[in-house]
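S.K.: model the following, please.
(one chain, ligands or ions: 3)
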Amino acid sequence: MNTNPRRYHITTFGCQMNKADSERMAGILDNMGLISSDDPNEANIILYNTCTIRDNAEQKVYSYLGRQAKRKHKEPDLTLIVAGCVAQQEGEALLRRVPELDLVMGPQHANRLQDLLEQVFNGNQVVATEPIHIVEDITKPRRDSKITAWVNIIYGCNEHCTYCVVPGVRGREQSRYPEAVRAEMEELGRQGYPEITLLGQNIDAYGRDLPGVTAEGRKKHTFTDLLYYVHDVPGVERIRFATSHPRYFTERLIRACAELPKVCEHFHIPFQSGDNKLLKAMARGYTHEKYRGIIDNIRELMPDASISADAIVGFPGETEAQFENTLKLVDDIGFDLLNTAAYSPRPGTPAALWENQVSEEVKADRLQRLNHLVGVKAGERSQRYMGRTEEILVEDINPKNANQVMGRTRGNRLTFFEGDINELKGKLVKVKITEVRPFSLTGEVTSVINYQLSVIS
Ligand code: SAH
Ligand code: SF4
Ligand code: F3S
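M.R.: Numbers count the residues shown, from 1 in each chain. Ligands and ions are numbered 1, 2, ... in the order given. Down below sits the predicted model:
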């Protein structure tokens, strides 16, 4: 039994939800008096916060875990935890596969880490994967960045996209109350975080599980209302949000983004496929015409807004012609960024059982063709920045050039320029863009906007 562990290590796989959960779990461990360590081999509590969105994400977890499980044979005091989406998907089966594990905990249990660990320290092997009402966090997250922070506003997902594990592993939608979201943002503002990203798998679903209707008979709590409620939090200079779903995306939201100065001009709206038959098989609930209509609407109301998305190639049954409809959509719209993936059959999802699977060769070929087009289009989109002066929030040093710092435009383009990180970290800077590349920009500082922000580094 390990009663006095000193150091913990967390490795996080997967999406921003997992990153946010890891930060809350690190906050709990700090609160318990443990010390964080970047090196798993120096830690006596190791937590893998896992992702299972595609098979390769899941396999990565097993290889990391295998190494530490071996180490445990020599160091029985080592505590091994698997949290996140693989934990939820596999549950008890994970203990059979890796008997060295002490704790298997699904994403809904992240805030209960202390309680669960105490059971482990009392000598139990614990599995926590039953669906629960997510308790509001009482500990402070230990944020990895001092500049940008994630704030969850809705957990889970009620959609039934036929390829996707998320509803199975993250459970039903649970929105946080606006007051709780604002309180967390105010605290972040006080701590000097200039940028906050509001998170949800389907952020447009925010509030539909909360009670109340307006005098006009509308749901009282919507994502747009939330933005109006939190947009002026002191100390926070930029607000971002992800992910939008085309099925529920509203013009009201575009108008709010156009109107509210702190809300950045960037939309992340995955379309997944440019073919209506495939969209139907995916159960996405919209057509490519509807998607194009949303983008037209954004470009009419906010001509300079950046637009990014996710797409899948090689979904079961995808023909060459259907894939070309995806290429056509990408060519017509011109995304600033597109995350692409080859379809990966996932346990417990309907599409994994269909017989019309596409071969790995065809998937790889389509992925490569799509990625090529994505780069070309992103390069075209970057051109509009040339010679312009952009507002950049400085995040860090350029890892490839110590004389340069890097940050992002409001539209989320990574931008490099010469400067001293000690002086500029966390500041908003005006930068004249002198060089453009598909996914990044280079420029020169023209002025520093906010000297008053003090950033703890
Ligand atoms: N809630 C978001 C997506 C979350 S998952 C949405 O609805 O858009 C992130 C991305 O992973 C998805 O947009 C999709 O493009 C990709 N993805 C999900 N399941 C996948 C699978 N089985 N195979 C390949 N890519 C997948
Ligand atoms: Fe998955 Fe669809 Fe939910 Fe996104 S909306 S998390 S793709 S089920
Ligand atoms: Fe992965 Fe879970 Fe996110 S499966 S993408 S970590 S919701």
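S.K.: ok, stretch 144-163 near ligand 1 or not?
M.R.: Yes - residues of stretch 144-163 are located near ligand 1 by CB under 6 Å from any ligand atom, namely Tyr163. The way it works is simple: take the backbone N, C-alpha and C, and place the C-beta from them, glycine included.
S.K.: next one: stretch 255-271
M.R.: Yes - Stretch 255-271 is in contact with ligand 1 by CB under 6 Å from any ligand atom, via Pro270.
S.K.: go on, stretch 98-107?
M.R.: No - judged by CB under 6 Å from any ligand atom, stretch 98-107 stays clear of ligand 1, getting no closer than 13.3 Å.
S.K.: now do that stretch: distance to the chain's middle.
M.R.: Stretch 98-107 sits 23 Å away from the centroid of its parent chain (CA atoms, centre = their mean, to the nearest Å).
S.K.: next: stretch 62-77.
M.R.: Offset of stretch 62-77 from its chain centre (CA atoms, centre = their mean): 29 Å.
S.K.: what comes up buried for that stretch?
M.R.: Tyr62, Tyr64, Leu65, Gln68, Ala69, Lys72 (16 or more other CB atoms under 10 Å).
S.K.: now Gly334: closest residue in space, sequence neighbours ignored.
M.R.: Lys377 (4.6 Å; CB to CB, 6 or more residues apart in numbering).
S.K.: of the buried residues of stretch 62-77, which are in range of ligand 2?
M.R.: Counting by CB under 6 Å from any ligand atom, nothing from the buried residues of stretch 62-77 sits close to ligand 2.
S.K.: now flag whichever of the residues you listed is closest to ligand 1.
M.R.: Distance to ligand 1 across these (CB to the nearest ligand atom) is lowest for Tyr62, with 17.9 Å.
S.K.: can you verify the closest one is assigned to a helix?
M.R.: Yes - counting by DSSP: H, G, I helix; E, B strand; the rest coil, Tyr62 is found in a helix.
S.K.: just list the residues touching it, thanks.
M.R.: Contact partners of Tyr62, counting by CB atoms under 8 Å, 6 or more residues apart in numbering, are Arg97, Val98.
S.K.: do you know the pLDDT at it?
M.R.: Among the per-residue scores, Tyr62 holds a pLDDT of 93.
S.K.: before we move on, what about the one 4 residues further on?
M.R.: Per-residue confidence at Gly66 stands at 93 (pLDDT).
S.K.: where does the chain dip in pLDDT?
M.R.: 1-5, 137-139, 450-457 (pLDDT under 70).
S.K.: and the nearest residue to Ala242 once chain neighbours are set aside, its phi and psi?
M.R.: Excluding the flanking residues, the one nearest Ala242 by CB to CB, 6+ apart is His268, at 4.5 Å. Backbone torsions for His268, taken as degrees, to the nearest 10, come to phi -110, psi 100.
S.K.: how many other residues sit next to His268?
M.R.: Applying other CB atoms under 10 Å, we find 20 residues neighbouring His268.
S.K.: quick check: bridge partners of it?
M.R.: Ser308 (DSSP bridges).
S.K.: thought Ser308 was touching it, still the case?
M.R.: Yes - with contact defined as CB atoms under 8 Å, His268 counts as touching Ser308 (4.8 Å).
S.K.: so what's Thr389 up against?
M.R.: Neighbour list for Thr389: Lys430, Val431, Lys432, Ile433, Thr446 [criterion: CB under 8 Å, 6+ apart].
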